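Enquirer: no sequence on hand, only this structure:
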């Protein structure tokens, strides 16, 4: 895969709706991205990605032929073949099972956004760039679905720690969490430290520890 740090990101897209697919291509062009491939289904994207050499793959979750999980299955296969490739899922639905399967590895470079909740070009631009840079972007509704699927490992967390954990999973900084919850940054830092301890997360020195905090319990 090409170096994701360069100025113009290469994006490949799979979306069965012609209008939405063409609209996304135009949005990516406005954002300064290069759309190197645009396909109506995941199978064609998978067949072409080695030639397209994208930095980020953007896929719908439900696509032909069954309109069930083609997109996420393709995303999992893409990450298996190309570990450095960023993957952003766009869906009309919160598919908790599929999100769990894709995100449970705890690796970065992943995203899951709901189409109807992407409010602006800047938001989509930011999501694509963060995924390309190895970050994780999750819609808050997706986070809530993931947290509700298996709550037992989180029973030791206080209500405040759960709030902090959910905001961490959305990619907020400590300052952003403090502003959202109307508490001091020091209080946030104490909650974050407690969450790491209760979930048994050691400091690995990677950039994904905050995301791992919310995903670690999914792997148990």
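Expert: That came through, no problem. Fair warning: this is a prediction, and the values are worked out from it, not measured in the lab.

Enquirer: center of the protein - which residue?
Expert: residue 111 (1.5 Å; Cα atoms, centre = their mean).

Enquirer: quickly list what that one is bridged to.
Expert: Assessed by DSSP bridges, residue 111 has beta-bridge partners residue 88, residue 137.

Enquirer: so it sits against residue 88, correct?
Expert: Yes. Contact criterion Cβ atoms under 8 Å: residue 111 and residue 88 qualify, at 4.0 Å. Every C-beta, even on glycine, is put in place using the N, C-alpha and C of the backbone.

Enquirer: burial count for residue 78?
Expert: The tally of other residues near residue 78 (other Cβ atoms under 10 Å) stands at 21.

Enquirer: what's in contact with the helix or strand harbouring it?
Expert: Element membership for residue 78, per DSSP states H and E: helix 70-81. Applying Cβ atoms under 8 Å, 6 or more residues apart in numbering, the contact partners of helix 70-81 are 14, 41-43, 45-46, 49, 57, 59-64, 85, 87, 89, 91, 95, 98-99, 101-102, 105, 107, 109-110.

Enquirer: now go through those and say which are in strands.
Expert: 14, 57, 59, 60, 87, 89, 91, 110 (DSSP state E).

Enquirer: how close does the third one sit to residue 126?
Expert: Distance, residue 59 to residue 126, using Cβ to Cβ, to the nearest Å: 18 Å.

Enquirer: of those two, who's got more company?
Expert: Higher neighbour count among residue 59 and residue 126: residue 59, with 26 against 15, using other Cβ under 10 Å.

Enquirer: give the contact list for the more buried one.
Expert: Residue 59 neighbours (Cβ under 8 Å, 6+ apart): 13-15, 42, 45, 71-72, 74-75, 87-90.

Enquirer: circling back: what is in contact with residue 111 and residue 88 at once?
Expert: Common neighbours of residue 111 and residue 88 are listed as 127, 131, 137 (criterion: Cβ under 8 Å, 6+ apart).

Enquirer: pull the residues that contact the helix or strand harbouring the first one.
Expert: Take DSSP H and E as the rule and residue 127 turns out to sit in helix 121-132. Contacts of helix 121-132 with the rest of the structure, by Cβ under 8 Å, 6+ apart, involve 4, 9, 11, 27-28, 30-31, 33, 55-56, 58, 86-88, 109-111, 113, 118, 136-137, 171.

Enquirer: what residues sit buried inside that helix?
Expert: Buried residues in helix 121-132, counted by 16 or more other Cβ atoms under 10 Å: 124, 125, 127, 128, 129, 130, 131, 132.

Enquirer: between the residues you listed, which is closest to residue 198?
Expert: Proximity to residue 198 was ranked across the buried residues of helix 121-132 by Cβ to Cβ; first place goes to residue 130, at 26.9 Å.

Enquirer: quick check: that closest one vs residue 192, distance?
Expert: 20 Å.
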